[in-house]
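Chemist: starting from these lines, generate the structure:
(chains A and B)
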Amino acid sequence: MTTEDLLRDLAARIDAEVPVPPGLRARIEGALAARPRRPRRAWVWAALSAAAALVAAAGLYAALAPEPKALANEVRSLGAACPDPASLLPPDEGDEARLRAVLDRIVAAHYQGSEYAGYEVTKLSPAPETMVYGDMVANFCGEAVEASTWVLQLHFPALEPSASLSQGQLFVTKTKDGWDVWFRYH
Amino acid sequence: MTVEEVVARHADRLYRIAYLYLHDSMGAEDVVQEAFLAFVRTPRPVAEPGRWLARVVRNLCLNRLRRDRREEPADPEGWPAPASGPPPDEAVGRRLDVSGALLRLPLAYRELLLWRYYLDLPVAELARELGIRPDAARQRLARARQALAALLTEEVVER
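Modeler: Sure, this is the predicted structure:
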(Lines give C-alpha, C1' and ligand atoms only; values in the text may rest on other atoms or scores of the structure.)
Protein backbone atom coordinates (compact mmCIF):
# COMPACT_ATOMS: atom_id res chain seq x y z
CA MET A 1 0.00 0.00 0.00
CA THR A 2 1.43 3.37 -1.01
CA THR A 3 1.19 6.66 0.85
CA GLU A 4 -1.30 7.84 -1.77
CA ASP A 5 -3.49 4.85 -0.99
CA LEU A 6 -3.28 5.67 2.68
CA LEU A 7 -4.18 9.30 2.09
CA ARG A 8 -7.17 8.33 0.01
CA ASP A 9 -8.21 6.13 2.89
CA LEU A 10 -7.26 8.64 5.57
CA ALA A 11 -10.76 9.56 6.72
CA ALA A 12 -11.76 5.94 7.24
CA ARG A 13 -8.49 5.21 9.05
CA ILE A 14 -8.87 8.15 11.40
CA ASP A 15 -12.47 7.17 12.08
CA ALA A 16 -11.32 3.67 12.92
CA GLU A 17 -8.28 4.67 14.94
CA VAL A 18 -9.53 7.56 17.07
CA PRO A 19 -12.34 6.36 19.32
CA VAL A 20 -14.97 8.89 20.27
CA PRO A 21 -15.91 8.97 23.97
CA PRO A 22 -19.26 7.20 24.32
CA GLY A 23 -20.90 10.09 26.19
CA LEU A 24 -19.80 12.85 23.84
CA ARG A 25 -23.11 13.57 22.15
CA ALA A 26 -25.02 13.36 25.42
CA ARG A 27 -22.58 15.81 26.99
CA ILE A 28 -22.97 18.27 24.12
CA GLU A 29 -26.74 17.98 24.11
CA GLY A 30 -26.75 18.47 27.88
CA ALA A 31 -24.64 21.61 27.58
CA LEU A 32 -26.90 22.96 24.85
CA ALA A 33 -30.00 22.23 26.89
CA ALA A 34 -28.50 23.90 29.98
CA ARG A 35 -27.49 27.12 28.24
CA PRO A 36 -29.40 30.22 29.26
CA ARG A 37 -32.26 30.73 26.88
CA ARG A 38 -33.66 34.05 25.90
CA PRO A 39 -37.31 34.76 26.58
CA ARG A 40 -39.17 34.53 23.31
CA ARG A 41 -42.11 36.81 23.91
CA ALA A 42 -41.70 40.26 22.42
CA TRP A 43 -43.44 41.92 25.36
CA VAL A 44 -40.87 40.49 27.75
CA TRP A 45 -38.12 42.14 25.75
CA ALA A 46 -40.03 45.37 25.56
CA ALA A 47 -40.45 45.39 29.32
CA LEU A 48 -36.82 44.55 29.89
CA SER A 49 -35.69 47.24 27.46
CA ALA A 50 -37.85 49.84 29.18
CA ALA A 51 -36.49 48.83 32.56
CA ALA A 52 -32.96 49.01 31.24
CA ALA A 53 -33.56 52.48 29.85
CA LEU A 54 -34.85 53.65 33.23
CA VAL A 55 -31.86 52.21 35.00
CA ALA A 56 -29.52 53.83 32.50
CA ALA A 57 -31.25 57.16 32.93
CA ALA A 58 -30.76 56.94 36.65
CA GLY A 59 -27.06 56.60 36.14
CA LEU A 60 -26.99 53.18 37.66
CA TYR A 61 -26.41 51.30 34.46
CA ALA A 62 -22.73 52.09 34.34
CA ALA A 63 -22.28 50.83 37.86
CA LEU A 64 -24.03 47.59 37.00
CA ALA A 65 -22.24 47.10 33.72
CA PRO A 66 -19.35 44.65 33.54
CA GLU A 67 -16.07 46.19 34.52
CA PRO A 68 -13.72 46.48 31.54
CA LYS A 69 -11.12 44.25 33.07
CA ALA A 70 -8.78 44.49 30.14
CA LEU A 71 -8.58 48.27 30.27
CA ALA A 72 -5.58 48.08 32.54
CA ASN A 73 -3.82 45.90 30.03
CA GLU A 74 -2.03 47.23 27.06
CA VAL A 75 -3.85 46.71 23.82
CA ARG A 76 -2.70 43.52 22.32
CA SER A 77 -1.59 43.42 18.74
CA LEU A 78 -3.80 41.45 16.42
CA GLY A 79 -1.26 38.70 15.98
CA ALA A 80 -0.68 38.30 19.70
CA ALA A 81 -3.81 36.65 20.92
CA CYS A 82 -7.41 36.40 19.97
CA PRO A 83 -9.94 36.35 22.78
CA ASP A 84 -10.45 32.83 24.04
CA PRO A 85 -13.80 31.81 22.57
CA ALA A 86 -14.37 29.74 25.67
CA SER A 87 -14.45 32.91 27.77
CA LEU A 88 -16.92 34.79 25.59
CA LEU A 89 -20.45 35.54 26.64
CA PRO A 90 -23.22 35.36 24.09
CA PRO A 91 -24.41 38.71 22.76
CA ASP A 92 -27.70 39.98 24.06
CA GLU A 93 -29.97 42.93 23.58
CA GLY A 94 -28.57 44.89 26.51
CA ASP A 95 -24.99 44.88 25.27
CA GLU A 96 -25.05 48.14 23.38
CA ALA A 97 -26.44 50.13 26.30
CA ARG A 98 -24.00 48.58 28.72
CA LEU A 99 -21.10 49.20 26.39
CA ARG A 100 -22.09 52.81 25.73
CA ALA A 101 -22.20 53.36 29.48
CA VAL A 102 -18.48 52.59 29.77
CA LEU A 103 -17.26 54.08 26.49
CA ASP A 104 -15.60 57.08 28.15
CA ARG A 105 -13.47 54.82 30.29
CA ILE A 106 -12.59 52.56 27.37
CA VAL A 107 -11.58 55.40 25.08
CA ALA A 108 -9.62 57.18 27.82
CA ALA A 109 -7.69 53.99 28.52
CA HIS A 110 -6.70 53.42 24.91
CA TYR A 111 -6.31 56.90 23.48
CA GLN A 112 -4.32 59.00 25.90
CA GLY A 113 -3.48 62.58 25.03
CA SER A 114 -5.20 65.89 24.53
CA GLU A 115 -5.51 65.26 20.80
CA TYR A 116 -8.06 62.57 21.53
CA ALA A 117 -10.22 64.81 23.68
CA GLY A 118 -13.62 65.51 22.24
CA TYR A 119 -13.82 62.17 20.51
CA GLU A 120 -16.97 61.27 18.67
CA VAL A 121 -18.45 57.82 18.29
CA THR A 122 -18.91 57.33 14.57
CA LYS A 123 -20.42 53.91 14.92
CA LEU A 124 -20.83 51.16 17.48
CA SER A 125 -21.83 47.91 15.81
CA PRO A 126 -21.68 44.17 16.32
CA ALA A 127 -18.78 42.90 14.23
CA PRO A 128 -20.98 40.66 12.06
CA GLU A 129 -22.84 43.77 10.94
CA THR A 130 -19.70 45.50 9.71
CA MET A 131 -18.48 44.16 6.40
CA VAL A 132 -14.74 44.77 6.63
CA TYR A 133 -14.12 44.55 10.35
CA GLY A 134 -16.38 41.56 10.81
CA ASP A 135 -14.53 39.64 8.14
CA MET A 136 -11.23 40.71 9.64
CA VAL A 137 -12.21 39.37 13.05
CA ALA A 138 -13.63 36.17 11.57
CA ASN A 139 -10.50 35.57 9.52
CA PHE A 140 -8.12 36.12 12.38
CA CYS A 141 -10.06 34.76 15.30
CA GLY A 142 -12.99 32.78 13.98
CA GLU A 143 -16.69 33.33 13.83
CA ALA A 144 -17.27 32.56 17.48
CA VAL A 145 -15.16 35.60 18.37
CA GLU A 146 -16.73 37.64 15.60
CA ALA A 147 -20.18 36.88 17.00
CA SER A 148 -19.22 38.35 20.39
CA THR A 149 -17.21 41.33 19.19
CA TRP A 150 -18.34 44.92 19.00
CA VAL A 151 -16.53 47.36 16.73
CA LEU A 152 -16.22 50.87 18.11
CA GLN A 153 -15.42 53.43 15.43
CA LEU A 154 -14.21 56.81 16.63
CA HIS A 155 -13.44 60.20 15.19
CA PHE A 156 -10.94 62.61 16.71
CA PRO A 157 -11.66 66.12 15.42
CA ALA A 158 -8.40 67.52 16.82
CA LEU A 159 -6.40 65.30 14.49
CA GLU A 160 -8.03 66.43 11.28
CA PRO A 161 -7.34 66.78 8.40
CA SER A 162 -5.41 63.49 8.62
CA ALA A 163 -7.92 60.82 7.70
CA SER A 164 -5.87 58.01 9.22
CA LEU A 165 -4.95 59.76 12.47
CA SER A 166 -8.39 61.19 13.06
CA GLN A 167 -10.05 57.78 13.05
CA GLY A 168 -9.85 55.01 15.60
CA GLN A 169 -11.28 51.54 15.86
CA LEU A 170 -11.41 49.30 18.90
CA PHE A 171 -12.55 45.69 18.96
CA VAL A 172 -14.33 44.84 22.18
CA THR A 173 -15.73 41.54 23.37
CA LYS A 174 -17.92 40.70 26.30
CA THR A 175 -16.28 38.04 28.42
CA LYS A 176 -17.08 36.36 31.68
CA ASP A 177 -14.78 38.91 33.34
CA GLY A 178 -16.21 42.00 31.69
CA TRP A 179 -15.47 43.97 28.54
CA ASP A 180 -12.22 43.01 26.90
CA VAL A 181 -10.70 45.54 24.50
CA TRP A 182 -8.57 43.07 22.61
CA PHE A 183 -7.46 45.06 19.61
CA ARG A 184 -6.87 48.64 18.60
CA TYR A 185 -6.82 48.85 14.84
CA HIS A 186 -5.90 52.52 14.57
CA MET B 1 -31.85 20.82 10.17
CA THR B 2 -32.26 20.87 13.96
CA VAL B 3 -29.38 21.44 16.35
CA GLU B 4 -29.72 17.83 17.48
CA GLU B 5 -29.29 16.68 13.90
CA VAL B 6 -26.23 18.90 13.50
CA VAL B 7 -24.75 17.36 16.66
CA ALA B 8 -25.54 13.85 15.47
CA ARG B 9 -24.02 14.50 12.07
CA HIS B 10 -20.85 16.35 13.03
CA ALA B 11 -19.88 15.70 16.66
CA ASP B 12 -17.78 12.59 16.14
CA ARG B 13 -15.80 13.99 13.25
CA LEU B 14 -15.23 17.28 15.08
CA TYR B 15 -14.00 15.40 18.12
CA ARG B 16 -11.47 13.51 16.02
CA ILE B 17 -10.28 16.75 14.43
CA ALA B 18 -9.90 18.38 17.84
CA TYR B 19 -8.12 15.34 19.16
CA LEU B 20 -5.67 15.38 16.29
CA TYR B 21 -4.95 19.05 16.95
CA LEU B 22 -4.60 18.77 20.72
CA HIS B 23 -3.61 15.16 21.39
CA ASP B 24 -5.75 15.46 24.48
CA SER B 25 -9.08 13.68 24.70
CA MET B 26 -10.57 15.82 27.47
CA GLY B 27 -9.48 18.99 25.74
CA ALA B 28 -11.00 17.74 22.50
CA GLU B 29 -14.33 17.10 24.24
CA ASP B 30 -14.30 20.60 25.72
CA VAL B 31 -13.51 22.18 22.38
CA VAL B 32 -16.27 20.34 20.54
CA GLN B 33 -18.80 21.26 23.19
CA GLU B 34 -17.72 24.90 23.03
CA ALA B 35 -17.98 24.88 19.25
CA PHE B 36 -21.58 23.70 19.40
CA LEU B 37 -22.36 26.36 22.02
CA ALA B 38 -20.90 28.94 19.66
CA PHE B 39 -23.03 27.47 16.90
CA VAL B 40 -26.27 28.00 18.78
CA ARG B 41 -25.20 31.44 19.99
CA THR B 42 -24.20 32.88 16.66
CA PRO B 43 -26.74 35.45 15.55
CA ARG B 44 -26.30 34.71 11.87
CA PRO B 45 -27.61 31.68 10.02
CA VAL B 46 -24.83 29.23 9.26
CA ALA B 47 -24.89 28.00 5.68
CA GLU B 48 -22.50 25.09 6.09
CA PRO B 49 -22.60 23.91 9.70
CA GLY B 50 -19.92 21.25 9.22
CA ARG B 51 -17.40 23.66 7.74
CA TRP B 52 -18.32 26.43 10.20
CA LEU B 53 -17.95 24.12 13.18
CA ALA B 54 -14.63 22.76 11.89
CA ARG B 55 -13.36 26.33 11.61
CA VAL B 56 -14.45 27.11 15.17
CA VAL B 57 -12.89 23.88 16.42
CA ARG B 58 -9.64 24.82 14.70
CA ASN B 59 -9.67 28.29 16.25
CA LEU B 60 -10.44 26.94 19.68
CA CYS B 61 -7.68 24.35 19.38
CA LEU B 62 -5.13 26.90 18.18
CA ASN B 63 -6.12 29.23 21.00
CA ARG B 64 -5.65 26.42 23.50
CA LEU B 65 -2.29 25.49 22.06
CA ARG B 66 -1.20 29.14 22.17
CA ARG B 67 -2.54 29.57 25.67
CA ASP B 68 -0.73 26.48 26.86
CA ARG B 69 2.33 27.60 24.86
CA ARG B 70 2.62 24.31 23.13
CA GLU B 71 2.32 23.44 19.53
CA GLU B 72 3.11 19.80 19.77
CA PRO B 73 1.42 17.06 21.75
CA ALA B 74 2.43 17.15 25.39
CA ASP B 75 0.08 14.50 26.61
CA PRO B 76 1.18 11.12 25.28
CA GLU B 77 -0.95 9.40 27.90
CA GLY B 78 -3.97 11.06 26.35
CA TRP B 79 -3.58 9.00 23.21
CA PRO B 80 -6.34 6.41 23.36
CA ALA B 81 -5.43 2.83 22.62
CA PRO B 82 -6.98 1.41 19.45
CA ALA B 83 -10.32 -0.19 20.13
CA SER B 84 -8.99 -3.55 19.00
CA GLY B 85 -5.64 -4.68 17.73
CA PRO B 86 -5.28 -5.56 14.05
CA PRO B 87 -4.72 -9.20 13.12
CA PRO B 88 -0.99 -9.97 12.89
CA ASP B 89 -1.10 -11.16 9.32
CA GLU B 90 -2.88 -8.19 7.81
CA ALA B 91 -1.27 -6.33 4.94
CA VAL B 92 1.42 -3.85 5.94
CA GLY B 93 -0.78 -0.84 5.21
CA ARG B 94 -3.44 -1.97 7.61
CA ARG B 95 -0.93 -2.34 10.41
CA LEU B 96 0.11 1.29 10.14
CA ASP B 97 -1.11 3.66 12.80
CA VAL B 98 -1.88 6.59 10.55
CA SER B 99 -3.37 8.76 13.29
CA GLY B 100 -0.32 8.18 15.45
CA ALA B 101 1.91 9.20 12.58
CA LEU B 102 -0.18 12.32 12.00
CA LEU B 103 0.29 13.29 15.63
CA ARG B 104 4.04 13.08 15.21
CA LEU B 105 3.97 15.60 12.38
CA PRO B 106 4.44 19.32 12.96
CA LEU B 107 1.10 21.00 13.47
CA ALA B 108 1.33 22.94 10.20
CA TYR B 109 1.65 19.70 8.21
CA ARG B 110 -0.87 17.81 10.28
CA GLU B 111 -3.64 20.32 9.81
CA LEU B 112 -3.05 20.53 6.08
CA LEU B 113 -3.46 16.77 5.78
CA LEU B 114 -6.52 16.86 8.02
CA TRP B 115 -8.28 19.57 6.08
CA ARG B 116 -7.33 18.10 2.72
CA TYR B 117 -7.94 14.42 3.30
CA TYR B 118 -10.16 14.18 6.37
CA LEU B 119 -12.43 17.13 5.62
CA ASP B 120 -11.95 16.60 1.89
CA LEU B 121 -11.40 20.24 0.97
CA PRO B 122 -9.91 21.23 -2.39
CA VAL B 123 -6.55 22.97 -2.06
CA ALA B 124 -7.93 26.41 -2.92
CA GLU B 125 -10.57 26.23 -0.20
CA LEU B 126 -8.13 24.69 2.20
CA ALA B 127 -5.75 27.59 1.62
CA ARG B 128 -8.52 30.07 2.28
CA GLU B 129 -9.55 28.31 5.49
CA LEU B 130 -6.00 28.19 6.80
CA GLY B 131 -5.12 31.69 5.65
CA ILE B 132 -2.30 30.79 3.27
CA ARG B 133 -1.76 31.24 -0.45
CA PRO B 134 -2.88 28.34 -2.66
CA ASP B 135 0.62 27.80 -4.10
CA ALA B 136 2.07 27.78 -0.59
CA ALA B 137 -0.61 25.31 0.45
CA ARG B 138 0.29 23.01 -2.45
CA GLN B 139 3.99 23.12 -1.63
CA ARG B 140 3.41 22.60 2.06
CA LEU B 141 0.97 19.79 1.36
CA ALA B 142 3.59 18.02 -0.75
CA ARG B 143 6.08 18.31 2.08
CA ALA B 144 3.45 17.10 4.55
CA ARG B 145 2.78 14.02 2.41
CA GLN B 146 6.51 13.30 2.24
CA ALA B 147 6.87 13.71 5.98
CA LEU B 148 3.94 11.38 6.62
CA ALA B 149 5.34 8.83 4.18
CA ALA B 150 8.69 8.97 5.95
CA LEU B 151 7.06 8.37 9.31
CA LEU B 152 5.00 5.49 8.01
CA THR B 153 8.02 3.90 6.37
CA GLU B 154 9.94 4.30 9.59
CA GLU B 155 7.09 2.67 11.44
CA VAL B 156 7.09 -0.32 9.10
CA VAL B 157 10.85 -0.72 9.56
CA GLU B 158 10.52 -0.48 13.35
CA ARG B 159 7.90 -3.18 13.35
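Chemist: hey, let's count contacts and neighbours off CA atoms from now on
Modeler: Noted.
Chemist: quick one: low-confidence residue ranges for the chain.
Modeler: All of this refers to chain A. A:1, A:35-81, A:90-91, A:131 (pLDDT under 70).
Chemist: um, chain B though
Modeler: Ranges of chain B meeting pLDDT under 70: B:43-44, B:67, B:69-96, B:154-159.
Chemist: run through the strands of chain A in chain order.
Modeler: All strands of chain A, identified by DSSP state E, fall at A:120-126, A:149-155, A:167-175, A:178-184.
Chemist: what residues does the residue in chain A that chain B sits nearest to make contact with?
Modeler: Closest residue of chain A to chain B, C-alpha to the nearest C-alpha: A:Ala11 (4.7 Å). Counting by C-alpha atoms under 8 Å, 6 or more residues apart in numbering or on different chains, A:Ala11 makes contact with B:117-119.
Chemist: if we go to 10 Å?
Modeler: A:17, B:13, B:99, B:114, B:117-120 (C-alpha atoms under 10 Å, 6 or more residues apart in numbering or on different chains).
Chemist: please apply the same query to A:Val145.
Modeler: A:82-90, A:127-128, A:134, A:137-138, A:173-174, B:38, B:42, B:56, B:59-60.
Chemist: which among those residues end up buried?
Modeler: Neighbour counting with 16 or more other C-alpha atoms under 10 Å in any protein chain shown marks A:82-86, A:88-90, A:127-128, A:134, A:137-138, A:173-174, B:38, B:42, B:56, B:59-60 as buried within these.
Chemist: how close does the residue positioned nearest the centre of chain A sit to A:Glu129?
Modeler: Closest residue to the average C-alpha location of chain A: A:Thr149 at 2.1 Å, with C-alpha atoms, centre = their mean. According to C-alpha to C-alpha, to the nearest Å, A:Thr149 stands 10 Å off from A:Glu129.
Chemist: same check on A:Asp95?
Modeler: From A:Asp95 to A:Glu129 the distance is 15 Å (C-alpha to C-alpha).
Chemist: touching chain A at all, stretch B:26-33?
Modeler: Yes. Using C-alpha under 10 Å from any C-alpha of the partner chain, stretch B:26-33 comes into contact with chain A via B:26, B:28-33.
Chemist: quick check: the residue of chain B nearest chain A.
Modeler: Relative to chain A, the nearest point of chain B is B:Tyr118 (4.7 Å; C-alpha to the nearest C-alpha).
Chemist: which one is that residue nearest to, not counting chain neighbours?
Modeler: A:Ala11 (4.7 Å; C-alpha to C-alpha, 6 or more residues apart in numbering or on different chains).
Chemist: equivalent analysis for A:Arg13, please.
Modeler: By the measure of C-alpha to C-alpha, 6+ apart, the closest residue to A:Arg13 outside its immediate chain neighbours is B:Val98, 6.9 Å from it.
Chemist: neighbours around that neighbour, how many?
Modeler: By other C-alpha atoms under 10 Å in any protein chain shown, 23 other residues sit near B:Val98.
Chemist: for it, give me its contacts.
Modeler: Neighbouring residues of B:Val98 by C-alpha under 10 Å, 6+ apart: A:6-7, A:9-10, A:13-14, A:17, B:104, B:148-149, B:151-152, B:155.
Chemist: with that, I have no additional questions.
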